[in-house]
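**Q** Compute the structure for the input listed below.
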Amino acid sequence: MSSRARLVAFCRKMPSITYDQLRQTWLYDVGSRFATLEIAQKNILVYEQGHIDQTALQRLVQDGFSVPDFDGFAVLEAESFEKIQEVLASEEWKTNVGPIEGSVIDITSPEVWPCASVETIGESGVKGFRYVVFDGGNINRETCDHFSMLQKLIKMSLLKMVSGDAGGNKSLVFIETDSLEPSSRPSALSNCEGKILPAIVETIIRK
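**A** Sure, this is the predicted structure:
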């Protein structure tokens, strides 16, 4: 069980831009600038961006899965939520990162999940593809152990939202895979009750 604080922010792109424009600006402009912030280098242990694979998303829809209407997500990890907040409230972020991010992301409609409890099952390691399951439904610890033993997944993380206004009973499940092709879809997603996002994950900071 990880003692790190993790903030997962799901976002939508500005209507005036394409998915390619979102990826190019958010990853290469926002991501590279964020990584050079002194306050981020001091406080942030992990910064990832998840870019939703539109082809894989449509396949999930065609196969009868439920999907949310997000275009991407960011994951921030630190020793505490205060350290994450210190970064986002800093003048460095407001001056060098915030305005650029606001040009491609609709900052009026994010969904932020502060997750204090993170349990990882399966092999460690960073893969480039990930399924995100909202309110994991029938994906629980027993399911995770079972499919990890069968090597149907690379790594699965169970995230519980901290208590607060957003509610303490919600959960996210991150499932890392080698591919988003239907033939590589983890068996743990079969009959899944939660909404699913397929993402290409870019790791910008990892300590």
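
**Q** Quick check: what element follows the host helix or strand of Val112 along the chain?
**A** Assigned by DSSP states H and E, Val112 belongs to strand 111-122. Moving toward the C-terminus from strand 111-122, the next helix or strand (DSSP H and E) is strand 129-134.

**Q** Tell me the strands beside that next one, with direction?
**A** When pairing is defined by DSSP bridges, strand 129-134 lines up against strand 171-177 (antiparallel), strand 195-206 (antiparallel).

**Q** now the first one, how far from the centre of its chain.
**A** So the one you mean is strand 171-177. 9 Å (Cα atoms, centre = their mean, to the nearest Å).

**Q** from now on call the first residue 55
**A** Sure, I'll start counting at 55 from here, so that last one is strand 225-231.

**Q** pLDDT (mean, whole number) over it?
**A** Mean pLDDT, strand 225-231: 83.

**Q** Just the CA trace of that strand, in CSV.
**A** What follows is strand 225-231, C-alpha atoms only, in CSV (Å, rounded to 0.1, in the frame of the first residue of the first chain):
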residue,chain,number,x,y,z
SER,A,225,-12.4,4.2,-6.8
LEU,A,226,-10.3,4.2,-9.8
VAL,A,227,-8.5,1.1,-11.2
PHE,A,228,-5.4,1.6,-13.4
ILE,A,229,-4.6,-1.4,-15.6
GLU,A,230,-1.3,-1.3,-17.5
THR,A,231,-1.0,-3.2,-20.8
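
**Q** any weak-confidence spans in this protein?
**A** 55-56, 170-171, 175-181, 189-208, 210, 212, 214-224 (pLDDT under 70).

**Q** All the helices of it, in order from the start?
**A** 73-77, 86-90, 92-97, 108-116, 135-142, 145-150, 152-158, 195-203 (DSSP state H).

**Q** just checking, what packs against the third one?
**A** Which is helix 92-97. Applying 3 or more Cβ pairs under 8 Å, 6 or more residues apart in numbering; DSSP states H and E, we find helix 92-97 packed against helix 135-142, helix 145-150. The way it works is simple: take the backbone N, C-alpha and C, and place the C-beta from them, glycine included.
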